[in-house]
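S.K.: Generate a structure from the sequence data that follows.
(one chain, ligands or ions: 1)
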Amino acid sequence: MSKKVRVRFAPSPTGGLHLGGVRTVLFNYLFAKHNGGDFIVRIEDTDQSRFVEGAEQYIFDCLNWCGLAPDESPTHGGPFAPYRQSERKPIYKKYADELIAKGFAYYAFDTAVELEAKRKEINNFQYNHATRLQMKNSLTLNKDEVEKLLNTQTPYVIRINMPVDETITFNDMIRGEVSFHSSQSDDKVLLKADGMPTYHLAVVVDDYLMQITHAFRGEEWLPSAPVHILLWQYLFGLENMPQWAHLPLILKPDGNGKLSKRDGDRLGFPVFAMDWTDPKTNELTTGFKERGFLPEAFVNMLAMLGWNDGTDQEIFSLQELIEKFSMERVHKAGAKFDYEKAKWYNGEWIKKLPVSGYKLQVAGLLKANSIEADDKKLTQVIELIKDRCTLLTDFVVQSSFFFKSPETIDIAAIQPKWNDHKNLFFIELIRAYELMQFWNHEALEKEFKEIAAANEIKAGELMLPLRIMLVGGKFGPHVFNIAEVLGKEETIKRIQHTLQKLEAQ
Ligand code: GLU
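M.R.: Predicted coordinates:
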């Protein structure tokens, strides 16, 4: 029987969650669920100098919004707890010691001052096979000296002893066979002076202990892979190693390179999943959620950045993605981010979902704009205007006039073609509407056209003035639908109000 699939998302909680990060979560999640496996979130917070208050909670809030719930995590618990590396500190030392005993790692006692001096002496100094024999470490000091330094609590780090001339090869599920030469990597620190492991040691030890079967992460981690593979080989033997996949980057829409938060600021679109306030600077960065995206659309859009099912289908629910996802169909090349396309997905999902799927969010947005929307009326209004909205925030502009009289009326758009004849038509229309028994859009339209015909005015010439009277401007759904939702009293009131304004001109 094959092993149960176990994948992990292993973020370092250092700030907002970039959409590339969410896509890494998504591909992990889809792969796990497609294979009936588990999705684990492990918090990689061994670098205490990069600790950011609230960043971990923010990650879980984002996953929750996207509907990508972990099976195991620091907040969900699980059989391999703790899932926060800072709480696993005592675990790692033993593995670092084992590497030393086997000769795959060494103690390095160089002080900050000594390292700085070396950097000055050697251009682009790297602590590696070429320089390590000039440094103060257990490769250059004799056994007694090392013992003495250790016994006198001299601060040290433990570094990997990278082989001088070895080819490290592994199979990447997206890229196929990948090879590195061992001299490309420096002798990375594995255990720091404070006893904390670095990411390189912790990621390997935890993937092993947590029985991770597949490790998927962004392409930016590819250069670290040879170090991780060697550690796997030295500590656990390669047959236990997870299968790797390095996911293609999400690229800027213009030019080359990875999409960054700065690109979003520059081009006016979000890059983080949700609003993120940097606790140090108080700087707020807008997220897709607050910009008016539905989680269904955000997830769908992300899935299509680097994957497709081999057909032209673009709209997928999470359930469908789980059914159809396969790593074989993830592209090797980076995917250019296209904000207009992202909005298109959202518009499609607004049309596709039942109104109940986002009514509460719309009510919240209206409330933030001081509009209290009655539930039944709101459903009616959303049905009428949803085809005109691409972002949830569009509902505010598109629906405000249903709930309160327009603040401004575009009189200038009516006036040039206005005359007494048209004025009389509207007076007659008010009288007819006042007497109407059944207030629905078909009856309203019929009455309107009959009166227009009797007055020998083209109905088309009267529609725009009516729209502006009801809405304030030249937008909105079919005008008689608007009148139906507004009701008799409000419709007549708005027509009268504009007629008075026109008269006063
Ligand atoms: N802690 C790494 C990060 O911050 C995770 C890389 C990996 O998944 O191995 O992205």
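S.K.: which residue packs closest to the residue in the stretch 251-400 of the chain that the ligand sits nearest to, ignoring adjacent ones?
M.R.: Here the stretch 251-400 of the chain gets closest to the ligand at one residue, K258, 13.1 Å apart by Cβ to the nearest ligand atom. C-beta: built from backbone N, CA, C; applies to glycine. When the adjacent residues along the chain are set aside, K258 lies closest to L249, with 4.9 Å between them (Cβ to Cβ, 6 or more residues apart in numbering).
S.K.: picking up where we left off before, show me the contacts for the residue of the stretch 251-400 of the chain closest to the ligand.
M.R.: 20, 220, 249-252, 334 (Cβ atoms under 8 Å, 6 or more residues apart in numbering).
S.K.: List the buried residues for the strand or helix carrying V113?
M.R.: Using DSSP states H and E, V113 falls within helix 112-121. For helix 112-121, burial by neighbour count (16 or more other Cβ atoms under 10 Å) applies to K118.
S.K.: List the contacts of E348.
M.R.: Residues near E348 by Cβ under 8 Å, 6+ apart: 297, 314-315.
S.K.: at 10 Å instead, please
M.R.: 294, 296-297, 300-301, 314-315, 390 (Cβ atoms under 10 Å, 6 or more residues apart in numbering).
S.K.: rewinding a little: so how far is L247 from the residue of the stretch 251-400 of the chain closest to the ligand?
M.R.: Using Cβ to Cβ, to the nearest Å, K258 is found at 12 Å from L247.
S.K.: ok, now L284?
M.R.: Following Cβ to Cβ, the distance that separates L284 from L247 is 28 Å.
S.K.: which one of the two has more residues nearby?
M.R.: L247 (27 against 11; other Cβ atoms under 10 Å).
S.K.: List the residues that contact the more buried one.
M.R.: 20, 23-24, 26-28, 173-174, 216-221, 305-307, 327, 330-331, 334-335.
S.K.: Below-threshold pLDDT in this protein: ranges please.
M.R.: For the chain, the stretches with pLDDT under 70 are 1.
S.K.: And the residue of the stretch 51-200 of the chain closest to the ligand?
M.R.: Closest point on the stretch 51-200 of the chain to the ligand, by Cβ to the nearest ligand atom, is Y199, at 5.6 Å.
S.K.: quick one on the thing from earlier: can you get me a residue count around the residue nearest to K258?
M.R.: Once other Cβ under 10 Å is used to define contacts, L249 is seen to have 22 neighbours.
S.K.: correct me, but it touches G20?
M.R.: Yes - if you go by Cβ atoms under 10 Å, L249 and G20 touch, sitting 6.9 Å apart.
S.K.: Find residues that contact each of the two.
M.R.: 218-220, 258-259, 305-306, 335, 337.
S.K.: what comes up buried for the host helix or strand of I451?
M.R.: According to DSSP H and E, I451 maps onto helix 441-454. If you call a residue buried by 16+ other Cβ under 10 Å, then helix 441-454 has these buried ones: 444-445, 447-448, 451-452.
S.K.: Could you do stretch 310-322 as well?
M.R.: In stretch 310-322, counting by 16+ other Cβ under 10 Å, buried: 316, 318, 321-322.
S.K.: can you check stretch 77-91 too?
M.R.: 78, 80, 83-85, 88.
S.K.: so which pair among those is furthest apart in space?
M.R.: G78 and Q85 (14.8 Å; Cβ to Cβ).
S.K.: Narrow the contacts of L247 to those in helices?
M.R.: 20, 23-24, 26-28 (DSSP state H).
S.K.: Can you tell me which of those is nearest P11?
M.R.: T24 (8.6 Å).
S.K.: Up against the ligand, what does the stretch 101-250 of the chain have?
M.R.: Residues of the stretch 101-250 of the chain found near the ligand (Cβ under 6 Å from any ligand atom) are 199, 203, 217, 221.
S.K.: Most neighbours out of the residues you listed, which is it?
M.R.: V203 (25 neighbours).
S.K.: Packing partners of the helix or strand harbouring that one?
M.R.: Using DSSP H and E, the element containing V203 is helix 199-209. Applying 3 or more Cβ pairs under 10 Å, 6 or more residues apart in numbering; DSSP states H and E, we find helix 199-209 packed against strand 6-9, helix 89-101, strand 157-160, strand 189-191, strand 214-218, helix 225-236.
S.K.: which parts of that helix are buried?
M.R.: Buried residues in helix 199-209, counting neighbours by 16+ other Cβ under 10 Å, are found at 199-208.
S.K.: and what of stretch 350-358?
M.R.: 350, 353, 358.
S.K.: check contacts around the nearest residue to P13 once chain neighbours are set aside.
M.R.: Computed as Cβ to Cβ, 6+ apart, the closest residue to P13 that is not its neighbour in sequence is A55, at 3.6 Å. By Cβ under 10 Å, 6+ apart, the contact list for A55 reads 11-17, 43, 45, 276, 278-279.
S.K.: again, only using 8 Å
M.R.: 13-15.
S.K.: Any idea what H246 is bridged to?
M.R.: With DSSP bridges applied, H246 shows beta-bridge pairing to R217.
S.K.: Surely it touches G218?
M.R.: Yes - using Cβ atoms under 8 Å, H246 is in contact with G218, at 7.0 Å.
S.K.: In contact with the closest residue to N240 other than its chain neighbours, which residues?
M.R.: Distances taken as Cβ to Cβ, 6+ apart place Y208 nearest to N240, at 6.5 Å, with adjacent residues excluded. Residues near Y208 by Cβ under 8 Å, 6+ apart: 232, 235-236, 240.
S.K.: Quick check: Y208 vs the ligand, distance?
M.R.: 13 Å (Cβ to the nearest ligand atom, to the nearest Å).
S.K.: Number the residues from 59 up from this point.
M.R.: Sure, I'll start counting at 59 from here, so that last one is Y266.
S.K.: what's around P311, how many residues?
M.R.: 14.
S.K.: just checking, E277 touches I308?
M.R.: No - the pair E277 / I308 is not scored as a contact, 9.9 Å apart, by Cβ under 8 Å.
S.K.: okay, and the common contacts of these two?
M.R.: By Cβ under 8 Å, 6+ apart, E277 and I308 have these common neighbours: G392.
S.K.: number of nearby residues for L84?
M.R.: Based on other Cβ under 10 Å, the number of other residues close to L84 is 26.
S.K.: same check, this time on A154
M.R.: A154 has 22 nearby residues by other Cβ under 10 Å.
S.K.: How about the contacts made by it?
M.R.: 163, 216, 248-249, 255, 259.
S.K.: now swap in V65 and tell me
M.R.: Here V65 is in contact with 86-87, 89-90, 95-98, 270-274 (Cβ under 8 Å, 6+ apart).
S.K.: which non-adjacent residue is nearest Y153?
M.R.: V263 (5.3 Å).
S.K.: wait, the one you found sits on P255?
M.R.: Yes - V263 lies in contact with P255 (Cβ under 8 Å); the separation is 7.2 Å.
S.K.: which residues do those two both contact?
M.R.: The contact lists of V263 and P255 share Y150, where a contact means Cβ under 8 Å, 6+ apart.
S.K.: returning to what we had before: could you list every helix and strand in contact with the helix or strand following the helix holding V171?
M.R.: Next in sequence after helix 170-179, counting helices and strands by DSSP H and E, comes helix 201-209. Applying 3 or more Cβ pairs under 8 Å, 6 or more residues apart in numbering; DSSP states H and E, one finds that helix 201-209 contacts strand 163-166.
S.K.: What residue in the stretch 209-358 of the chain comes nearest to the ligand?
M.R.: For the stretch 209-358 of the chain, Cβ to the nearest ligand atom, closest residue to the ligand: R275, 3.4 Å.
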